[in-house]
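Novice: Here's a sequence, model it:
(2 chains)
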Amino acid sequence: MKPKHQRLLLAVIAVAALVGAGLIAASALREEASYFYTPTTLASANVEPGKAIRLGGMVQKGSIVRGSDGVSITFTVQDQERSQKVAYRGITPDLFVEGSGVVADGRLRPDRVFVADSLLAKHDENYVPRELADIDMSAAAHTKDTLVP
Amino acid sequence: MHRFANPARFLRIARPLTPALFLLGLILTLAACIWGLFFTPTERLMGDTVKIIFVHVPAAWLGMGGWTGIAIASIVQLVWRHPLAGVSARAIAVPGATFAAICLITGSIWGRPTWGTWWVWDGRLTSMLVLFFLYLGYIALSNASSDKGDTSRVAAVFGIIGAINIPIINRSVIWWESQHQKASITLGGSSIDSAYLVPLFVAVVGFSLLFGALVLMRMRAALAEMRIEARMRRMAEG
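Specialist: Predicted structure coming up:
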């Protein structure tokens, strides 16, 4: 075996070991490295009330109810399977609209309502000009499929 | 492959190629930025801030592409001992780090009006920040070798190990729930309207040509420096 081939073999083994280690580490991190719970993972995670967590998902259409004091709102965050009721007091981000994504910092109340301390808007992967968007905003979750040629 | 590993032949090709790439890259980049800034429609939710995409996405891709280049050049350096491989890997590092930094900064500026925050520690943002730090580590490591002409083997090993971060950045939004949205452009297609996609494509080509020109410039400078050092050594030896 020529030295060049020896080095090549060594490099291939090293790269394979590296990729293997990376994939194992990444898959082990799968739950822990998630930035937020979705309503589905929250339901199965058994999080006790009062613990600071993050919740993310879509703001359900028609679920935003603004309180009479002008700063309290309640809404429902949903994913494909489940939904979670959220209460928040404060100014909502500009992109906080029904049918769009949201990430909320907060904690569960004993009655399983999620009380948010802060809200971040989450933009989806679709980029659509405003004049085309009037067609149907509620389709945001499905736009990707319709836009792929 | 050996044909292009000869520094003299490389310089003959690189000399006219550098200004050509630079000029074409500059024209395309400027055209794409003007097009993107003034002649694209506002986005349905983000409004005008969508226009950061024409710098943010090319910078992100080139930041990641740069490290991929470093890793490939490092393997070539270690296995085939090509004289130019180490030089090219070093030449990529500084432009690569710059584009990674541009990606992080424009992303932060974009995140404030869109998400409501400058920064979050989700999988995508954190792994991209790690890439920037890896670049800094690589630059420090490759400069630490006392002799500029000696292409450091430690740096090459570091370049290969660091490459594990590239697929992690790419998959971060799929493996883990994240603040950053999922990929808009995949092999299966794009969810970016063509009003943005076409100028974005021009910007990617333009920035890539500029990146290539920068790498060639730095490689030529490194080779010239090596030649000066060799000549000085000969003169000193008398």
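
Novice: For the residue most central in space within chain A, grab phi and psi.
Specialist: Nearest to the mean C-alpha position of chain A, by CA atoms, centre = their mean, lies residue A:56 at 4.3 Å. For residue A:56, the backbone dihedrals (degrees, to the nearest 10) come out as phi -140, psi 160.

Novice: could you pull out the strands for chain A?
Specialist: Secondary structure of chain A (DSSP state E): strands located at A:53-59, A:65-66, A:72-78, A:83-89, A:101-108, A:114-122.

Novice: Tell me which of the ones you listed lies nearest to chain B.
Specialist: With distances scored as CB to the nearest CB, the stretch of these nearest to chain B is strand A:114-122 (4.8 Å). No exception for glycine: its C-beta is placed from N, CA and C like everyone else's.

Novice: what's the closest one in contact with?
Specialist: A:55-56, A:77, A:84-88, A:90, A:92-96, A:100-109, B:114-117, B:120, B:179, B:181 (CB atoms under 8 Å, 6 or more residues apart in numbering or on different chains).

Novice: Identify each buried residue in it, please.
Specialist: Along strand A:114-122, these residues count as buried under the neighbour rule (16 or more other CB atoms under 10 Å in any protein chain shown): A:114, A:116, A:119, A:120, A:121, A:122.

Novice: what are the bridge partners for the fourth one, then?
Specialist: Same thing as residue A:120. Beta-bridge partners of residue A:120, counted by DSSP bridges, are residue A:103.

Novice: Tabulate the strands of chain A in TSV, adding columns for mean pLDDT.
Specialist: As requested, the strands of chain A are exported to TSV (pLDDT from 0 to 100):
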stretch	mean pLDDT
strand A:53-59	92
strand A:65-66	90
strand A:72-78	93
strand A:83-89	93
strand A:101-108	93
strand A:114-122	92
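
Novice: deepest of the ones you listed, which one?
Specialist: Most buried of the strands of chain A by mean neighbour count (mean count of other CB atoms under 10 Å in any protein chain shown) is strand A:53-59; its value is a mean of 23.

Novice: residue in chain B nearest to chain A?
Specialist: Here chain B gets closest to chain A at one residue, residue B:44, 3.2 Å apart by CB to the nearest CB.

Novice: Just want the phi and psi numbers for that residue.
Specialist: Phi and psi for residue B:44, reported as degrees, to the nearest 10, are phi -60, psi -40.

Novice: Give me the number of neighbouring residues for it.
Specialist: Using other CB atoms under 10 Å in any protein chain shown, residue B:44 has 23 neighbouring residues.

Novice: again with the one 10 residues further on
Specialist: Taking other CB under 10 Å as the criterion, the count of residues near residue B:54 is 26.

Novice: so what's the closest residue in space to it that isn't next to it in sequence up against?
Specialist: Nearest residue to residue B:54, sequence neighbours excluded (CB to CB, 6 or more residues apart in numbering or on different chains): residue B:36, at 3.6 Å. Residue B:36 makes contacts with B:51, B:53, B:54, B:196, B:199, B:200, B:203, as judged by CB under 8 Å, 6+ apart.

Novice: Sort out for me which of those are in helices.
Specialist: Counting by DSSP state H, the part of the contacts of residue B:36 found in helices is B:53, B:54, B:196, B:199, B:200, B:203.

Novice: my guess is the fifth one meets residue B:53, correct?
Specialist: Yes: A contact is recorded between residue B:200 and residue B:53 when judged using CB atoms under 8 Å, the distance being 6.2 Å.

Novice: Need the overlap of contacts for these two.
Specialist: Overlap of the contact sets of residue B:200 and residue B:53 (by CB under 8 Å, 6+ apart) consists of B:36, B:192.

Novice: Tell me which strands the worst-scoring helix or strand of chain B on mean pLDDT pairs with, and in which orientation.
Specialist: When each helix and strand of chain B is scored by mean pLDDT, DSSP states H and E, strand B:189-190 comes last, with a mean of 86. Within its sheet, and counting by DSSP bridges, strand B:189-190 is paired with strand B:185-186 (antiparallel).

Novice: contacts for the partner strand?
Specialist: B:191, B:192, B:197.

Novice: can you narrow those to ones near chain A?
Specialist: The subset of the contacts of strand B:185-186 lying close to chain A, counting by CB under 8 Å from any CB of the partner chain, consists of B:191, B:192.
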